[in-house]
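# mind folding the following:
(one chain, ligands or ions: 2)
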Amino acid sequence: MPQIEEISKTVIEPQTLPVSSPLQKVALSFVVPVLNEDMNVRPLFEKLAVQLAGLQQTYEVIFVDDGSTDTTFAMLTKLHEEFPGVVRVIRFRRQFGKTPALVAGFSRCQGEIVFTMDGDLQDDPDEIPNFLAKLEEGYDLVSGWKFPRLDPISKTFPSKIFNGLVSFTTGVHLHDINNGFKAYRREIIEDSHLKLYGDFHRFVPIMAHWRGFRVAEIKVKHHPRTYGVSKFGARRFARGLIDLLNVLFLTTFLRTPLRFFGPLGFWTFLAGVLVDGFVVLRSYFFIHEPIHNQPSLFIGILLMIFGVQFIVTGLQSEMVRHYAFRSDEEYSIRQELD
Ligand SMILES: Nc1nc2c(ncn2[C@@H]2O[C@H](COP(=O)(O)OP(=O)(O)OP(=O)(O)O)[C@@H](O)[C@H]2O)c(=O)[nH]1
Ligand SMILES: [Mg+2]
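Ligands and ions are numbered 1, 2, ... in the order given. So this is what the prediction gives:
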């Protein structure tokens, strides 16, 4: 009940933020998703401002407040008033998640280079020049690798497994895929293929790599959390594994689903035929018992049914693919010389 009251409170408040800002073009955009980080947003902005003043580049910081229930939004409003044109704020009506928050920031940011950063003061703005230097080398996406990592083993161990699995299955060898500190060239976030939903924000490097963008990693300092609480938990880890399976499927067989389901169906069906063939031969030649008395018969039948189902699923997926086909999404152009 208190949650419903909370939601209705936010809905009736006037939305004070413009959807698109009449700001001038900037060189660097920082998209910072925040959820209940009221003690962190101001120190983060101040650290960023000091670092960026040294770089002499125009910049904007877009905070995306994901329905925080503390005073985050009030803090952000103050910052916005103090630094108009530099601090921009997007406030969601309720919590929608980190991926939608980043998507909202991406769709509004103006910089040629876009950074994402956590809003919990754990990422160090001192690293910004290193990200820029790596992009200069010709990379399109640079991902931070927290090194040395200062988290407890309860966090680093699952993370190691997850990163190892992602690296092994996708061929994108990053050590710290979940790190929120990343820098992107604008082309990546504008790529029509970058469809971010669920918790897919962490897989952007995989999708970008698959689209032919050049992905690199640099070691970054990080700090323990001083204020606020972590939103990381076991559930996020479990969801990460499911999302990984999804991303693997999308980046490998999305284009040709029957190539995935076809062989799967064929081999399953064949296994069923072999099992039942064995059952028939054994009862006829050796045990002289009716085949319906043998449980293996039903395993064989099930395998055959599954096999057919897989093939039908493959055909249906091909149908979806056929109707969703867009020729301009079949490739990704780096350069054109006319
Ligand atoms: N918009 C939005 N931001 C989120 C959400 N969950 C976490 N964040 C933000 O993402 C950043 C990282 O969140 P943390 O809770 O610190 O997660 P973490 O860094 O993986 O975990 P710790 O190392 O334990 O802090 C912070 O800026 C959070 O405010 C969410 O559901 N929505
Ligand atoms: Mg954190």
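
# what segments of the protein are helices?
2-12, 41-55, 72-82, 98-108, 128-136, 153-170, 186-190, 204-210, 234-252, 257-282, 295-324 (DSSP state H).

# residues of this protein that sit close to ligand 1?
When proximity is defined by Cβ under 6 Å from any ligand atom, the chain lies next to ligand 1 at 33-35, 37, 64, 66, 95, 97-98, 101, 118-120, 122, 151, 180, 225, 230-232. In short, each C-beta sits where N, CA and C put it, glycine included.

# go with 5 Å
33-35, 37, 66, 97-98, 101, 118-120, 225, 230-232 (Cβ under 5 Å from any ligand atom).

# now the buried members of those residues.
Pro33, Val34, Leu35, Glu37, Asp66, Gly97, Lys98, Ala101, Asp118, Gly119, Asp120, Arg225 (16 or more other Cβ atoms under 10 Å).

# which residues touch the nearest residue in space to Val64 that is not next to it in sequence?
In space, and not counting its chain neighbours, Val64 is closest to Ala101: 4.0 Å by Cβ to Cβ, 6 or more residues apart in numbering. The contact partners of Ala101, by Cβ atoms under 8 Å, 6 or more residues apart in numbering, come to Pro33, Val34, Val64, Asp66, Ile90, Phe92.

# please repeat the previous calculation with a cut-off of 10 Å.
Counting by Cβ atoms under 10 Å, 6 or more residues apart in numbering, Ala101 makes contact with 31-35, 62-67, 90, 92, 95, 116, 119, 201.

# Glu60 too?
21, 23-31, 83, 85-88, 108-111, 114.

# tell me the spacing between the residue lying closest to it once chain neighbours are set aside and ligand 2.
Using Cβ to Cβ, 6+ apart and skipping residues adjacent in sequence, the residue nearest Glu60 is Val26, 4.9 Å away. Note on Val26: its distance to ligand 2, by Cβ to the ion, to the nearest Å, is 26 Å.

# Val26 against Gln57, yeah?
Yes - under the criterion of Cβ atoms under 10 Å, Val26 makes contact with Gln57 at 8.1 Å.

# what's the overlap in contacts for these two?
Gly111, Glu112, Ile113.

# ok, now how distant is the residue nearest to the last one when sequence neighbours are not counted from ligand 1?
Right, the one you point to is Ile113. Excluding the flanking residues, the one nearest Ile113 by Cβ to Cβ, 6+ apart is Leu28, at 5.4 Å. Going from Leu28 to ligand 1 by Cβ to the nearest ligand atom, to the nearest Å gives 19 Å.

# would you mind naming what in the stretch 51-200 of the chain lies close to ligand 2?
Asp120, Gln122 (Cβ under 5 Å from the ion).
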